[in-house]
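> Fold the following for me, if possible:
(2 chains)
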Amino acid sequence: AQSVTQLDSQVPVFEEAPVELRCNYSSSVSVYLFWYVQYPNQGLQLLLKYLSGSTLVKGINGFEAEFNKSQTSFHLRKPSVHISDTAEYFCAVSVHQGAQKLVFGQGTRLTINP
Amino acid sequence: NAGVMQNPRHLVRRRGQEARLRCSPMKGHSHVYWYRQLPEEGLKFMVYLQKENIIDESGMPKERFSAEFPKEGPSILRIQQVVRGDSAAYFCASSPPRTGVGNTIYFGEGSWLTVV
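Just a heads-up that it's a prediction; the model follows:
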């Protein structure tokens, strides 16, 4: 079975500072990796995904993530955050090719302070 | 993701009542997924449906919960005899017919169920 661990439940940072949200996964087979963002009382929006190829993936809103197979990690980064980035961020894995059954981490709440 | 429509957005039920949550997938999508998000937790897969078929219900509680996706109309997640522990956000997602490797699934904005 697959599992996802988001190492930080809350991350407070100051505006314009860099941020890294950590995600580690466990799987005995190849996985596909995703980061989603959830703004308060809203659904999930895809930030970026890793399927294959380059291990550095760029997404929307200036976010990027790096797939590290040896460390089974897929950390999310942004060089300079804005107040509008305040949200919950979820890392997820999928191993099904015929369906998108996602296994989510517990989420990291990113709070941006002015 | 605004294309996946869920209603109601908020639902309050007394213990023992039934809750029905509806989901209309994006246009052209024939695969529907339901996920549940309990307070302070991530989303958990419940069920995957195609038109008139349940493909994977491994995440559904054994009792009181059922889902359908009829040939016509929205997908319905039904919870009978609700209990306080059913209070959660229920998210629907959809994907196109030929779901390939890593294809994006699109989430709705969720239905928040509160059991009092």
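> Where do the strands of the chain begin and end?
Reading this off chain A. A:3-5, A:10-14, A:19-21, A:24-26, A:32-38, A:44-50, A:56-58, A:64-68, A:73-78, A:87-94, A:102-104, A:108-113 (DSSP state E).
> was after chain B, sorry
For chain B, applying DSSP E gives strands covering B:5-7, B:10-13, B:19-24, B:31-37, B:43-50, B:53-56, B:65-68, B:75-79, B:88-95, B:106-107, B:111-115.
> what does the last one contact?
Counting by CB atoms under 8 Å, 6 or more residues apart in numbering or on different chains, strand B:111-115 makes contact with A:41, B:6-15, B:19, B:21, B:79, B:82-92, all of which sit outside it. Yep, even glycine has a C-beta here, placed from its N, CA and C like the rest.
> Quickly run through the sheet partners of the helix or strand of chain B with the lowest mean pLDDT, with directions.
Counting by mean pLDDT, DSSP states H and E, chain B has its least confident helix or strand at strand B:106-107, which shows a mean of 88. According to DSSP bridges, strand B:106-107 forms sheet pairs with strand B:88-95 (antiparallel).
> Compute the inter-axis angle for the strand it pairs with and strand A:44-50.
50 degrees (axes from the mean of the first three to the mean of the last three CA atoms, to 10 degrees).
> I'd like the distance from strand B:88-95 to the chain centre, please.
Using CA atoms, centre = their mean, to the nearest Å, the mean C-alpha position of strand B:88-95 is found 5 Å from that of the whole chain.
> For it, which outside residues touch it?
By CB under 8 Å, 6+ apart, the residues outside strand B:88-95 that reach it are A:43-44, A:100, B:3-4, B:6, B:21, B:23, B:25-26, B:29, B:31-39, B:43, B:75, B:77, B:103-108, B:110-113.
> Same question for stretch A:80-89.
A:6, A:13, A:15-19, A:21, A:35-40, A:47, A:61-62, A:76, A:78, A:107-112, A:114.
> and the most centrally placed residue in chain B, bridged to which residues?
Per CA atoms, centre = their mean, the C-alpha nearest to the average position across chain B is that of residue B:34, at 3.3 Å. Using DSSP bridges, the beta-bridge partners of residue B:34 come out as residue B:47, residue B:92.
> isn't residue A:56 right next to residue A:64, touching?
Yes. The pair formed by residue A:56 and residue A:64 meets the contact definition of CB atoms under 8 Å, at 6.4 Å.
> more crowded one of those two?
Between residue A:56 and residue A:64, counting by other CB atoms under 10 Å in any protein chain shown, residue A:64 is the more crowded of the two (16 against 11).
> What residues does the more buried one make contact with?
The contact partners of residue A:64, by CB under 8 Å, 6+ apart, come to A:48, A:56-58, A:76-78.
> Let me have these in JSON lines, extended by pLDDT.
Compiled in JSON lines, the contacts of residue A:64 are given as follows (pLDDT from 0 to 100):
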{"residue": "A:48", "pLDDT": "93"}
{"residue": "A:56", "pLDDT": "95"}
{"residue": "A:57", "pLDDT": "95"}
{"residue": "A:58", "pLDDT": "95"}
{"residue": "A:76", "pLDDT": "98"}
{"residue": "A:77", "pLDDT": "98"}
{"residue": "A:78", "pLDDT": "97"}
